[in-house]
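Enquirer: only the shape, not the letters, is given here:
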């Protein structure tokens, strides 16, 4: 069987989640590997959420927020950027490839950008392979 | 209510939007196996009355205390189903949605099995969160019965008058010295040929005389704090160096001023003095010293009878407290220099449509006579070129500006009225005459006025160095013929772009913008003047290109929408905000520092959240090292449960 990665996406309500909605409304087709958790702002992201997702067996974790400067809460995405960087630096020590964690800014009107991001990230994770933390 | 979760799951077919791809029956059967699920059902349209009744009936009969609907985006119907829960006596925050339309059936149309699996996973995740949901109450806050309108064009004027007539206080902030906007620059208006100033200036005067409207001109909105009902707005008033109370608008100062500079109101075609009003009917009729060009000779000061010149004026900050905000910041005229092939700014006799408006206007720089810039002669032939800066992906504006067809036809007819022998061509891609009376107006231009329409846009415009006439290289796409045409004057039908200060306004108001750069409405059809920020509304071209009738409609619509919370007098605010577990809080102050809204204060080594200031972003909860800071409805426990559920199948 071909490897179908399971990717968890944390999307902020105002930009990336709305961008994903826009991709749907525009019927843009992309791979079905994401599972999505809506949060109001990427600032809500506790670094442990990412670690938890990997420990549960996620092959990839995606965080999508508003473009820098466009945050609905002024600067939540800057906070997310710092925290994701922190986790990024930790991944190696956990035996995980850095490519497994992606942070991207997608605005409410960028349905195409969201669809392309899902395509790209899914194919990246397919290349990297199943997470070593997946329970056998 | 017992704490034991009793979950009801409702899977929507959405006609065939979901059921055409996802096996709804399989999702329902699967949902029944989930922990705590009492009932699982499906319906053709869950959002319909019968669909909602299913939920309400089950809440009562099956004593359900958690509801999950798997359907469209929660951004669409979460409020609908929350209300349904409420009506059946269940707290509306004990409801959760799984988005299986926008995020599944619509984006995996050729993979029904994978889409069904995704739907099952998202339902399982939603149930995991639902089991841990807690009831929340919406606090109510009073609404300040005052509105801020940003932008004094016709949209802002209409919105201000409508709100003020209803009895609400309105602060109308305009960045230039006068209200009126672009409409004040136009000559006649299509399709009725009303003189633009004649229909606009009475409204401008109404604004200035209205007891409920406070005009703040030559001013900019710098900061907006707060939330619906209670916005605090910082406005910076630039110094006019003229006492607004005593200036009579007599104009002796401008007569005396020795400095002449190009007048931006006439797009640089005419001149004004360094002390000026933008145009004779300006409101307020108060002179402004242009500090960039003033040399400080004080000749104005010497002639001013009421002694109104005040060179020591400084920029002033005003704080306004308002309940609602209407953004009516208008648009920017496309810069024709970006279409180099047309030679604007290089060839003397290539002008833009807005310059044409100023040139045919009686109060314009030529007193209403259209004269060629190169030699001051009246043109015997004019070519109007359409879609300059619109419907053009090469310059990044794929959209239609909606007004250029009609204003070009209007201007062609106006010139033909005075010069029946002139040769007038309109070079176009399609003519869009969609409004009331527009098509008739277009037909008459062809049949009664003899304006010639040539389907094809010139590829290039060259100038005859001797005559300064223009040579147009154009393909007549109807005949399939390449033509070389000579024109005395070329008028570029420039389109609309988002306003100059769009970036700044977006930041200050925390709004979204569409791909075209204009400000985004909450829903393109059903909430066309709302934004996603409660209490902030859009009016006019700031939302997208539109003509005067549509702009006025939106001005009124925005006023009407803004009046709703003000007439109610109170609004419910989101209970999705931060909350602290006092036991676990160690008073480390990380949350206090991380909060951008000043909503957290550490008192006696415990964090305290100000419920009104908190916006619910969760920045504090994400940073809290002990987990004592939580966001209601998005708690660590709830999110962790969703993460676990997402991968349950893998185990």
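Expert: Alright, I've got the coordinates. Keep in mind that what you see is a predicted model, and the values were worked out from it rather than measured. Numbers count the residues shown, from 1 in each chain, chains lettered A, B, ... in the order given.

Enquirer: show me the contacts for residue A:3.
Expert: Listed by CB atoms under 8 Å, 6 or more residues apart in numbering or on different chains, the contact partners of residue A:3 are A:126, A:129-130. Placement of C-beta: from N, CA and C, glycine included.

Enquirer: now do 10 Å
Expert: Contacts for residue A:3 were tallied using CB atoms under 10 Å, 6 or more residues apart in numbering or on different chains; they are A:59, A:125-130.

Enquirer: can you check residue A:133 too?
Expert: Neighbouring residues of residue A:133 by CB under 10 Å, 6+ apart: A:51, A:53-59, A:94-96, A:100.

Enquirer: kindly report the same for residue B:524.
Expert: Contacts for residue B:524 were tallied using CB under 10 Å, 6+ apart; they are A:25, B:514, B:544.

Enquirer: re the thing from before, near chain B, which of the contacts of residue A:133 show up?
Expert: For chain B, the contacts drawn from the contacts of residue A:133 by CB under 10 Å from any CB of the partner chain are A:51, A:53-59.

Enquirer: restricted to helices, list those residues.
Expert: Using DSSP state H, the subset of these located in helices is A:51, A:53-56.

Enquirer: farthest pair in those residues?
Expert: Using CB to CB, those span at most 9.7 Å, a distance reached by A:51 and A:56.

Enquirer: just among the contacts of residue B:524, which is most surrounded?
Expert: residue B:544 (25 neighbours; other CB atoms under 10 Å in any protein chain shown).

Enquirer: that residue: which element?
Expert: Using DSSP states H and E, residue B:544 is not contained in any helix or strand.

Enquirer: which residue sits closest to it, ignoring its sequence neighbours?
Expert: Distances taken as CB to CB, 6 or more residues apart in numbering or on different chains put residue B:518 closest to residue B:544, at 4.6 Å, once the chain neighbours are dropped.

Enquirer: mind putting the contacts of residue A:133 in a markdown table, distance to residue B:13, pLDDT and neighbour count included?
Expert: Below are the contacts of residue A:133 laid out as a markdown table (distance: CB to CB, whole Å; pLDDT from 0 to 100; neighbours: other CB atoms under 10 Å in any protein chain shown):
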| residue | distance to residue B:13 | pLDDT | neighbour count |
| --- | --- | --- | --- |
| A:51 | 38 | 96 | 19 |
| A:53 | 31 | 97 | 31 |
| A:54 | 36 | 97 | 24 |
| A:55 | 37 | 95 | 16 |
| A:56 | 31 | 95 | 22 |
| A:57 | 32 | 94 | 19 |
| A:58 | 31 | 97 | 29 |
| A:59 | 32 | 97 | 26 |
| A:94 | 43 | 91 | 13 |
| A:95 | 44 | 92 | 9 |
| A:96 | 40 | 96 | 23 |
| A:100 | 36 | 97 | 26 |
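
Enquirer: can you put the residues you listed in JSON lines and add distance to residue B:474?
Expert: As requested, those are arranged in JSON lines below (distance: CB to CB, whole Å):
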{"residue": "A:51", "distance to residue B:474": "64"}
{"residue": "A:53", "distance to residue B:474": "60"}
{"residue": "A:54", "distance to residue B:474": "62"}
{"residue": "A:55", "distance to residue B:474": "67"}
{"residue": "A:56", "distance to residue B:474": "65"}
{"residue": "A:57", "distance to residue B:474": "64"}
{"residue": "A:58", "distance to residue B:474": "59"}
{"residue": "A:59", "distance to residue B:474": "57"}
{"residue": "A:94", "distance to residue B:474": "65"}
{"residue": "A:95", "distance to residue B:474": "66"}
{"residue": "A:96", "distance to residue B:474": "61"}
{"residue": "A:100", "distance to residue B:474": "56"}
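
Enquirer: thank you, goodbye.
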